[in-house]
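K.L.:
coords below, sequence missing:
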C-alpha cells in the first residue's frame, strides 16, 4: 500500500499518465512538453512515469497508435459492411472518420500534427496505420470513379482534399452542444460526395 | 570589414537567419528547434542572431507575419478585382491561396501548425491576419449562398472545409514538376466550387 501523500501505482496509472500527456502534447506540442511537465500534470513521480512508459517518444507513439487503432477498429468493419456501392462506402468512411474527430479531438489532432515528431522505428507503425486510413478514402473514391458513380478527373487529389477537410474537424470541434458528432459527420458526408461528383447523394444517415 | 572566418553581418543577415529558422521550424517544429540550432544552421553567432531578432518567439511571429502579409497582398487585390460575382470571387480566393501554398509550402505549413506556439501579444497580429484570410473564404461563400449562386445549407462549415483542404496543399506539394502551382490551384478551384454547390463552374483559369 502506498505511503500517505504518495500516488499509488494502480493499473490505471499508465492511463492517467497517457491522458496527461495527451492534454499537454495537444496544448503545447510534443517538443513543447517535458517529461517533468507530464509527471506533474499526472501527479506522479518521474520514476513512476518511466516505470510505465520507456520514453517521451514511446508515449507519443502509444497515443498515436491508440488513436489510429480506435479509428481503424471503427472504420474497417463499417466499410466492409457497406458493400461495393462507392457512395455508401465513401459515406461510411467519412462518417466514421469525422465522428471520431469529434469524439476524440485531442488524440486525432495529435495524430495529424505530431507525426513529424517521431522517427523510425517508432514512426513505422503509426505511419503505416495512417496510410491504411488514407487508403480507405482513396480506394472508395478511385473505385467510384472507375465505376462511373463519381465524376472526378483527379481521384487521388480529391482523396487528399476530403481526408484533409475531415481531419481539420478535430481542430475546431467543441463538445458545447451546438452540433452533435453525428450532425457534423453528415455535413461532411454531403461535402465529400460533392467533391467527388457523386451522381446521387446518399441517404442522410 | 569582418575578420577572416567570421560571418559578416550584412543587411541580408536577418533574412539568412529567418530562412534557417523556417527550415528548422518546418522540419522539427518551433519547440523542437533551439536558438543555438538556428544560429548553427544560419552560420552566425548567437550574438548576431540576437542583434537581428529579439527572441525565438519574435522570429516565429515575423515568419508568420511575412507569410500572411504575402498571402493577403496577393489575395485581397485579386478578390477586389474579381467583382461581385460569387463564383469568380471564390475562384480567385482559392486560386491565389493554393498557389501560395505551392510556392511557399514551408512558410504556409508553419502558419498552420505553429499558431498555437505563440501567445499574446505576439500572437495577436498573425491571428488577426489569419482571420482576414479566412474571412475571404467565408464571405465569398456566404454571399454566394445568399444570392442563390451557391446551393449549400452550411456556408460557415463549407468555408472551414474549403480553407482546410486548401491549407493541406502545403503539406504534400513538392516542386518536382509533376504538377505546376497553377494546375494544383485549378483543381482546388473546381473542388471548392463543388463543395459549395456552385450552379455553374468557373472558366478553367
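P.N.:
Received the coordinates, thanks. Predicted model, so just to flag it, every value in this text is computed and none were measured. Numbering: from 1, shown residues only, chains lettered A, B, ... in the order given.

K.L.:
okay, CA-based contacts and neighbour counts for the rest of this
P.N.:
OK.

K.L.:
Give me every residue in chain A lying close to chain B.
P.N.:
A:27-32, A:113, A:116-117, A:154, A:158, A:160-162, A:164-166, A:168, A:187, A:191-192, A:194-197 (Cα under 8 Å from any Cα of the partner chain).

K.L.:
Of those residues, just the buried ones, ChimeraX syntax please.
P.N.:
To isolate the buried ones among these in ChimeraX, judged by 16 or more other Cα atoms under 10 Å in any protein chain shown, type:
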select /A:29,30,31,32,113,117,158,160,161,162,164,165,166,168,187,191,192,194,195,196,197
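
K.L.:
Can you tell me the closest non-neighbouring residue to residue A:166?
P.N.:
Of all residues not flanking residue A:166 in the chain, residue A:98 sits nearest, at 5.8 Å (Cα to Cα, 6 or more residues apart in numbering or on different chains).

K.L.:
So which of the residues of chain A next to chain B are in strands?
P.N.:
Among these, no member falls in strands (DSSP state E).

K.L.:
center of chain A, which residue is that?
P.N.:
For chain A, the residue nearest the mean C-alpha position is residue A:108 (3.5 Å; Cα atoms, centre = their mean).

K.L.:
elements contacting the helix or strand hosting that residue?
P.N.:
Element membership for residue A:108 (DSSP states H and E) is helix A:105-114. Helices and strands touching helix A:105-114, by 3 or more Cα pairs under 8 Å, 6 or more residues apart in numbering or on different chains; DSSP states H and E, are helix A:13-28, helix A:56-82, helix A:86-103, helix A:155-167, helix A:169-172.

K.L.:
wait, the residue nearest to residue A:166 sits on residue A:171?
P.N.:
No. When contacts are counted by Cα atoms under 8 Å, residue A:98 is not listed as touching residue A:171 (11.6 Å).

K.L.:
Between the two, tell me which one has more neighbours.
P.N.:
Shown here are residue A:98 and residue A:171; by other Cα atoms under 10 Å in any protein chain shown, residue A:98 has more neighbours (30 against 15).

K.L.:
Against residue A:183, how distant is that one?
P.N.:
According to Cα to Cα, to the nearest Å, residue A:98 and residue A:183 sit 10 Å apart.

K.L.:
same deal with residue A:164?
P.N.:
According to Cα to Cα, residue A:164 and residue A:183 sit 19 Å apart.

K.L.:
Name the residues of the helix holding residue A:108 that come out as buried.
P.N.:
Across helix A:105-114, burial judged by 16+ other Cα under 10 Å covers A:105, A:106, A:107, A:108, A:109, A:110, A:111, A:112, A:113, A:114.

K.L.:
Other residues contacting it?
P.N.:
Helix A:105-114 is contacted by residues A:22-23, A:25-26, A:29-30, A:63-64, A:67-68, A:100-101, A:167, A:169-171, A:173, B:113 when judged by Cα atoms under 8 Å, 6 or more residues apart in numbering or on different chains.
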